[in-house]
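**Student:** okay, sequence plus prediction incoming.
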Amino acid sequence: MAAQTAPGTEIYSPGLEGVIAGETAISTVAEGLSYRGYKVTDLCGVVSFDEVAYLLLHGDLPTAKQLGQFERRIAAGRQIPEPLQDLLAA
């Protein structure tokens, strides 16, 4: 990334150095990336993608019942309407 300092003068800044990252209710970057207060490194390999998606949308990790309902809702949204299936088949 290059920042303008004066007309025609640029300062090289490798990677994300000097890039301001804001904090939100969803994520923070202080002391490592966190989602809704859970460190990403603690979530990796422990919870599923759908559980993290639920966390991001709802603010906390789901119970088994909530996760089942969420997964069914997501699966229903993946269904291709029959008229579109027919069109694609044609």
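**Tutor:** Received the coordinates, thanks. Everything quoted here is computed from the prediction, not taken from an experiment.
**Student:** pLDDT of stretch 49-61, averaged?
**Tutor:** Across stretch 49-61, pLDDT averages out at 96.
**Student:** for it, what is the distance to the chain centroid?
**Tutor:** Relative to the chain's own centre, stretch 49-61 is displaced by 9 Å; criterion: Cα atoms, centre = their mean, to the nearest Å.
**Student:** what does it contact?
**Tutor:** Contact partners of stretch 49-61, identified using Cβ atoms under 8 Å, 6 or more residues apart in numbering, comprise 25-26, 35-36, 38, 43, 47, 62, 66-67, 70-71, 74. Bear in mind the C-beta positions are built from the backbone N, C-alpha and C, glycine included.
**Student:** so what touches the helix or strand residue 66 falls within?
**Tutor:** Residue 66 belongs to helix 64-77 when assigned by DSSP states H and E. Helix 64-77 is contacted from outside by 50-51, 53-54, 58, 62, using Cβ under 8 Å, 6+ apart.
**Student:** just the buried residues out of these, in ChimeraX syntax.
**Tutor:** To isolate the buried ones among the contacts of helix 64-77 in ChimeraX, judged by 16 or more other Cβ atoms under 10 Å, type:
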select :51,54,62
